[in-house]
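Participant: Pasting the sequence and the predicted model now:
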Amino acid sequence: MLFQPDGTLLMTTGDGFEYREAAQDPHNLMGKIIRINTDGSIPADNPFADGDSGHPAVWSYGHRNPQGLDLDPATDDVYAHEHGAKGGDELNLIKPAVNYGWPAVTKGINYSGAYVSPLRSAPGLEEPLTHWTPSIGASGLAIYRGDAFPQWRGKHFIGALVAEDVRMLTLDAGEVTQEEIVFSEIAARIRDVRVSPTGMLYLLTDSDQGKVIRVTPARSEES
Amino acid sequence: MVKTIGSFLLAVITTYLLGAIFVSQGNIAAVVALGFDISFAQRLDAAVHDMLNMTDIYLPLVAISLLLGLPVAYAIVRKRPHLGLIGYTLAGFVALLAIHLIIKAVVGLSGVAPTRTLIGLLCQGIAGGVGGYLFYRLTTKLQNN
């Protein structure tokens, strides 16, 4: 979930696994990013607000299993990533009424080894900014705009459950230009990544003995 | 005995290949139903891809299914020899059908996506039936020789 500066709330939904084709149906709420007002009403400027060509709450569609959603406060751009099946984890720039492809187009395959679809791209469907095959198990997304780590400003931090590290992405003009693997020394499944109001980075590990790890600049303390 | 095992392995491979093709075309049918065009070359490529890449999970499932199903047919056919053809074919059909239904019942999810539909499930049964039929033909031929 993500509250936007305009006061609306974005929420992600999965495809329900057995019902994956529903992600392509704008009238169905599975496999979507939906946008509502905080009182539950539908914003008048939603792309399908009239309900004719889609559910009024739908903001974008064709998603499989979103696991991270964040807004870049410098640009108001919204980014989301999602799990593919076997491969095909994606990072996307989220735009209204856009179809992100699942399950008609995907970079991954079924767990059985079979294609989900032979299509890797198709006209009218949005391509991911980047994708991961094999899957890293993307989980949690934080866009850094704090002051504590000036060298990180604008970086996208994405936790990785399977890869057991954090991916630090550099974007330039809407394209991922660099991907660095960081915090692999933690050697744990990273469930979530957040930035505190004071600019510290927080990592949540996923295990019976899971930890919240605070990352601070050397010789500096969060007040 | 060795020839029976060889016949079984051929039945498994045949069922696997046919089943993988059915999975391929079932998945493609779902994409086409969403309004996307898939060329014949893409269908062919998908079939080849899936036949080569479903060996980790699907192939063992096919082998286990027939390993459980064909001995049942053997036990029945020993007492009713005239049921040989239908017995082994039906055993293969039911074995493949059953394994998918059991997976769905136990895990709550479909092992391969096309079995979410009746036609996809029946196609898996047909693949198993062909395997059972082939096993019967091969073992009968061996006995006659």
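Facilitator: Okay, I see it.
Participant: Now do the helices in the chain.
Facilitator: In the absence of a named chain, this looks at chain A. Remark: no helices are assigned in chain A by DSSP state H.
Participant: Oops, wrong one, chain B.
Facilitator: B:2-33, B:40-53, B:58-79, B:84-107, B:118-144.
Participant: want to throw these into a markdown table with mean neighbour count, mean pLDDT and distance to chain A?
Facilitator: (C-beta placed from N, C-alpha, C; glycine too.) What follows is the helices of chain B, written out as a markdown table (neighbours: other C-beta atoms under 10 Å in any protein chain shown; pLDDT from 0 to 100; distance: least, C-beta to the nearest C-beta, whole Å):
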| stretch | mean neighbour count | mean pLDDT | distance to chain A |
| --- | --- | --- | --- |
| helix B:2-33 | 19 | 97 | 5 |
| helix B:40-53 | 16 | 98 | 4 |
| helix B:58-79 | 18 | 96 | 5 |
| helix B:84-107 | 19 | 96 | 9 |
| helix B:118-144 | 20 | 92 | 12 |
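Participant: I'd like those as a markdown table, with distance to A:Asp77 appended.
Facilitator: What follows is the helices of chain B, written out as a markdown table (distance: least, C-beta to C-beta, whole Å):
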| stretch | distance to A:Asp77 |
| --- | --- |
| helix B:2-33 | 30 |
| helix B:40-53 | 34 |
| helix B:58-79 | 41 |
| helix B:84-107 | 39 |
| helix B:118-144 | 40 |
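Participant: so who does B:Leu34 touch?
Facilitator: For B:Leu34, the contact set (C-beta atoms under 8 Å, 6 or more residues apart in numbering or on different chains) comprises A:21, A:24, A:104.
Participant: of those, list those near chain B.
Facilitator: Among the contacts of B:Leu34, the residues within reach of chain B (C-beta under 8 Å from any C-beta of the partner chain) are A:21, A:24, A:104.
Participant: Of those, which is the most crowded?
Facilitator: Tallying neighbours with other C-beta atoms under 10 Å in any protein chain shown puts A:Gln24 at the head of the ones next to chain B among the contacts of B:Leu34, with 26 neighbours.
Participant: Surely it and A:Tyr100 touch.
Facilitator: No - using C-beta atoms under 8 Å, A:Gln24 is not in contact with A:Tyr100; the gap is 10.0 Å.
Participant: and for the two, which residues touch both?
Facilitator: What both A:Gln24 and A:Tyr100 touch, as defined by C-beta under 8 Å, 6+ apart, is the set A:61-62.
Participant: low-confidence ranges in chain A?
Facilitator: Residue ranges of chain A with pLDDT under 70: A:220-223.
Participant: Contact residues of it facing chain B?
Facilitator: With the criterion set to C-beta under 8 Å from any C-beta, chain A comes near chain B through A:17-18, A:20-21, A:24, A:103-104, A:109-119, A:122.
Participant: show me the contacts for A:Lys211.
Facilitator: A:Lys211 is in contact with A:188, A:204-205, counting by C-beta under 8 Å, 6+ apart.
Participant: can you rerun that using 10 Å?
Facilitator: Neighbour list for A:Lys211: A:186, A:188, A:203-205 [criterion: C-beta atoms under 10 Å, 6 or more residues apart in numbering or on different chains].
Participant: Dump those residues into a markdown table; add neighbour count and distance to B:Arg137 as well.
Facilitator: Below are the contacts of A:Lys211 laid out as a markdown table (neighbours: other C-beta atoms under 10 Å in any protein chain shown; distance: C-beta to C-beta, whole Å):
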| residue | neighbour count | distance to B:Arg137 |
| --- | --- | --- |
| A:Ile186 | 15 | 59 |
| A:Ala188 | 21 | 56 |
| A:Leu203 | 22 | 61 |
| A:Leu204 | 18 | 59 |
| A:Thr205 | 20 | 57 |
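Participant: Quick check: closest non-adjacent residue to residue 114.
Facilitator: Since you didn't name a chain, this refers to chain A. Excluding the flanking residues, the one nearest A:Ala114 by C-beta to C-beta, 6 or more residues apart in numbering or on different chains is B:Asp50, at 4.3 Å.
Participant: um, chain B though
Facilitator: Excluding the flanking residues, the one nearest B:Pro114 by C-beta to C-beta, 6+ apart is B:Gly26, at 2.6 Å.
Participant: Quick one: the contacts of B:Leu34 as JSON lines, columns for distance to B:Gly125 too.
Facilitator: Formatted as JSON lines, those follow (distance: C-beta to C-beta, whole Å):
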{"residue": "A:Glu21", "distance to B:Gly125": "23"}
{"residue": "A:Gln24", "distance to B:Gly125": "28"}
{"residue": "A:Ala104", "distance to B:Gly125": "28"}
